[in-house]
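Novice: structure of the sequence below:
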Amino acid sequence: MAVPTVFFAVLFAWPVAAIVGRGLREGGRWHTARVGEVLTDPDVLHVLWFTLWQALASTGLTLALALPGAYVFARLDFPGKGLLRAVMTVPFVLPTVVVGSAFLALAGRGGALDEWFGVRMDTSVWAILLAHVFLNYAVVLRTVGGLWAQLDPRQEEAARVLGAGRFAAWRRVTLPALAPSLAAAALIVFLFTFTSFGVIQVLGGPRFTTLEVEIYRQTVTLLDLPTAAVLTLLQFASVAALLAVHAWSLRKRETTLSLVPAQTTARRPRGPSQWAALWSVLGLTLLLVLAPLAVLVERAFNGPDGYGLAFFRALGAESDSATFVVAPAAAIGNSLAYAAVATLIALVVGGLAAAALTRRAGRLVRGFDALLMLPLGTSAVTVGFGFLIALDEPPLDLRESWILVPLAQALVGVPFVVRTMLPVLRAVDVRLREAAAVLGASPLRAWREVDLPLVRRALLVAAGFAFAVSLGEFGATVFIARPDAPTLPVAVARLLGRPGEMYYGQAMALSTVLMLVCAGTLLALERVRTDSPGEF
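Specialist: I've put the predicted structure just below:
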């Protein structure tokens, strides 16, 4: 636990504490009265209400639309299943600013729906909710569907034999077994939508603001660090409470279910109801998941003179802007290099953390497990700005170092490594390690000869997820990426912030490149993915 603890203390707790201290401490005294002033401000209360309301609505809508998909991918076998699963996971690892731009291209002013049907949904709450479903569909699909695929179908069949109808058997047998997984998926979706930033920034307009966007506005636009610090503490407390419930649901899921191999439960569709379920899910996938991605690609190739590679060629042109001093295409190489280093860091830190959580028990370790998830729910704006404040003097003066970006990306990658590897490590029979020790193997050799061969596929899956989410990290990176070394999400955001068709087209082209890299990574993961019901 030592290496992960130091990693999170230095790169997470310290920057967050630094920015909170900068906002609430002055002249050696803490200004606690500011907390009450902020929390009673009507504008802040309105932001809090909308943040909570849209997160609840997004979670409910995501569960309602994704549960049929979880059933289809868990119980039915059909051609192209692995490819479709990979494509449906692409939105989850895309930067939220890219997701927002995809929905803007689909439903915004001058978008595909506006041109074809005269329908616009930009700056509306429905665009925000549907974008959140687009982002989090894969969370329910993998979390609930992964467990559903390993539930023994004979239990439900026995209920049918004893006279229960199809729905009654599902409600009384399958649903209780899925309840902890459903709770975990709902909490994850709520966590991600509660801290939504890029989607609200692009689609919300001036009318809709979440807590994360308000922290960004108070920090960057208004330079009001005391208010930003109070809002950060409020968000931190809310996320900590959610993660405590989340950890409880995970423990319940791990200790009460008897699972079977997933490949034994999926069958070809039989009967009108299963075929109807399959085609309904495929149609919903086409409209909700593939349509925004397809429009994104269409806009990237639809140049000033018709369809072609004009926007892609323009990515190689040098820029004379003070905020973007290299060709946008340079962001591709930067992102790949940064993500590779971040993946290596996340594997080391996350692998050690997963090993510690596997071999020890108790409240301290369970609290450590929840701590590892905090970066996913804490304001990335706070973390990124905290990097600039905390890591600006010896012995850790990293503001001018290239390693700062991979470190920020690794913070987001570590939770995915832990959640992917932990179920597999817990499934390794401890007696195998004990036998290796009795035969004279050192702990390192026992790990190399026993654990590594058994978890190699999970390690590859963890590496792929860490790489994909590192590519898409935006909230913290936007603060620390230098103008001469931008990442793909930062470059997309900067291009979207400039007026003109050429800049918009270049943003779509870079988003398409990022989407294709993520899709290729996830497709490779489908070939090596494990059958363990890991969280992702």
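
Novice: from now on I want contacts and neighbour counts done on CA atoms only, so please keep to that.
Specialist: OK.

Novice: toward the C-terminus, what is the element adjacent to the longest helix along the chain?
Specialist: Longest helix in the chain by number of residues, with DSSP state H as the criterion: helix 42-75. Sequence order places helix 81-93 as the next helix or strand after helix 42-75, per DSSP states H and E.

Novice: which residues does that following helix contact?
Specialist: Residues outside helix 81-93 that contact it (Cα atoms under 8 Å, 6 or more residues apart in numbering) are 73, 99, 134-139, 285, 289-290, 468-469, 472, 515, 518-519, 522-523, 526.

Novice: how about 6 Å then?
Specialist: 135-136, 138, 468-469, 519, 522-523 (Cα atoms under 6 Å, 6 or more residues apart in numbering).

Novice: for Val44, which non-adjacent residue is spatially closest?
Specialist: Closest residue in space to Val44, ignoring its immediate chain neighbours: Val38 at 6.8 Å, by Cα to Cα, 6 or more residues apart in numbering.

Novice: so what touches the helix or strand hosting the one you found?
Specialist: In the assignment (DSSP H and E), Val38 maps to helix 33-39. Here helix 33-39 makes contact (Cα under 6 Å, 6+ apart) with Val230.

Novice: what's the average pLDDT for whatever helix or strand Leu191 lives in?
Specialist: Element membership of Leu191 [criterion: DSSP H and E] is helix 175-194. If you average the pLDDT over helix 175-194, you get 82.

Novice: after that helix comes which helix or strand?
Specialist: Criterion used, DSSP H and E; the element after helix 175-194 is helix 198-203.

Novice: name the helices or strands packed onto the helix or strand following that next one?
Specialist: For helix 198-203, the succeeding helix or strand toward the C-terminus, using DSSP H and E, is helix 211-216. Using 3 or more Cα pairs under 6 Å, 6 or more residues apart in numbering; DSSP states H and E, no helix or strand is in contact with helix 211-216.

Novice: just the CA atoms of helix 211-216, as PDB, please.
Specialist: Taking C-alpha atoms only, helix 211-216 is exported to PDB below (Å, rounded to 0.1, in the frame of the first residue of the first chain):
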ATOM      1  CA  LEU A 211     -21.100  22.300  -9.700                       C
ATOM      2  CA  GLU A 212     -18.000  21.400 -11.700                       C
ATOM      3  CA  VAL A 213     -18.700  24.100 -14.300                       C
ATOM      4  CA  GLU A 214     -19.300  26.600 -11.500                       C
ATOM      5  CA  ILE A 215     -15.900  25.700  -9.900                       C
ATOM      6  CA  TYR A 216     -14.200  26.300 -13.200                       C
END
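
Novice: ok, residues contacting that helix?
Specialist: By Cα under 6 Å, 6+ apart, helix 211-216 touches 195, 197, 228.

Novice: JSON lines please, covering those residues and showing distance to Leu151.
Specialist: Below are the contacts of helix 211-216 laid out as JSON lines (distance: Cα to Cα, whole Å):
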{"residue": "Thr195", "distance to Leu151": "32"}
{"residue": "Phe197", "distance to Leu151": "36"}
{"residue": "Ala228", "distance to Leu151": "46"}
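
Novice: just to revisit the earlier point, quick one: mean pLDDT for the helix holding Val38?
Specialist: Helix 33-39 comes out at a mean pLDDT of 78.

Novice: buried sites along that helix?
Specialist: 35, 38-39 (16 or more other Cα atoms under 10 Å).

Novice: just give the number of residues close to Asp451.
Specialist: Asp451 sits with 18 neighbouring residues when counted by other Cα atoms under 10 Å.

Novice: relative to Ser181, how far out is it?
Specialist: 27 Å (Cα to Cα, to the nearest Å).

Novice: any low-confidence regions in this structure?
Specialist: 26-28, 31, 107-123, 246-264, 319-324, 359-367, 377, 526, 528-536 (pLDDT under 70).

Novice: so which residues of it form strands?
Specialist: 25-26, 29-30, 302-303, 306-307, 392-393, 396-397 (DSSP state E).

Novice: most tightly surrounded among these?
Specialist: Compared across these, strand 302-303 shows the largest average neighbour count, a mean of 18 (mean count of other Cα atoms under 10 Å).

Novice: tally of neighbours for the residue nearest to Tyr137 when sequence neighbours are not counted?
Specialist: Leaving aside its sequence neighbours, Tyr137 sits nearest to Ala66 (Cα to Cα, 6+ apart; 5.8 Å). Residues near Ala66, counting by other Cα under 10 Å, number 25.

Novice: for Ala66, give its distance to Leu141.
Specialist: 6 Å.

Novice: how far does stretch 156-174 stretch from start to finish?
Specialist: 7 Å.

Novice: same question, stretch 6-16
Specialist: 15 Å.

Novice: how about the contacts made by Ala229?
Specialist: Per Cα under 6 Å, 6+ apart, neighbours of Ala229: 20, 23.

Novice: sorry, back to before: tell me the angle of the helix holding Leu191 relative to helix 42-75?
Specialist: 140 degrees (axes from the mean of the first three to the mean of the last three Cα atoms, to 10 degrees).

Novice: going forward can the numbers begin at 254, since that is how I track them
Specialist: Right, with 254 as the first residue, what we last looked at is helix 428-447.

Novice: and helix 428-447, what other elements does it pack with?
Specialist: helix 295-328, helix 478-509.

Novice: kindly recompute the last result at 10 Å.
Specialist: helix 295-328, helix 378-401, helix 478-509, helix 616-630 (3 or more Cα pairs under 10 Å, 6 or more residues apart in numbering; DSSP states H and E).

Novice: which of these is buried the deepest?
Specialist: Of those, helix 378-401 is the most buried (mean count of other Cα under 10 Å), at a mean of 25.

Novice: tell me how far that one is from the chain's mean position?
Specialist: 11 Å (Cα atoms, centre = their mean, to the nearest Å).

Novice: what's that helix packed up against?
Specialist: For helix 378-401, the packing partners by 3+ Cα pairs under 10 Å, 6+ apart are helix 295-328, helix 334-346, helix 349-360, helix 428-447, helix 451-456.

Novice: can I get the contacts of helix 334-346 in JSON lines including distance to Thr315?
Specialist: Below are the contacts of helix 334-346 laid out as JSON lines (distance: Cα to Cα, whole Å):
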{"residue": "Leu388", "distance to Thr315": "9"}
{"residue": "Asn389", "distance to Thr315": "7"}
{"residue": "Ala391", "distance to Thr315": "10"}
{"residue": "Ala721", "distance to Thr315": "22"}
{"residue": "Val722", "distance to Thr315": "21"}
{"residue": "Ala772", "distance to Thr315": "21"}
{"residue": "Leu775", "distance to Thr315": "21"}
{"residue": "Leu776", "distance to Thr315": "23"}
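
Novice: what's near enough to touch Val722?
Specialist: For Val722, the contact set (Cα atoms under 10 Å, 6 or more residues apart in numbering) comprises 345-348, 592, 595-596, 662-663, 665-666, 669, 771.

Novice: pick out the most distant pair among the residues you listed.
Specialist: Phe345 and Ala595 (18.3 Å; Cα to Cα).

Novice: neighbour count winner among these two?
Specialist: Ala595 (29 against 22).

Novice: from Val670, how far out is that one?
Specialist: From Ala595 over to Val670 (counting by Cα to Cα), the distance is 12 Å.

Novice: for Glu409, same thing?
Specialist: Glu409 is 33 Å from Val670, by Cα to Cα.

Novice: and those two? which has more neighbours close in?
Specialist: More crowded of Glu409 and Val670, by other Cα under 10 Å: Val670, with 30 against 20.
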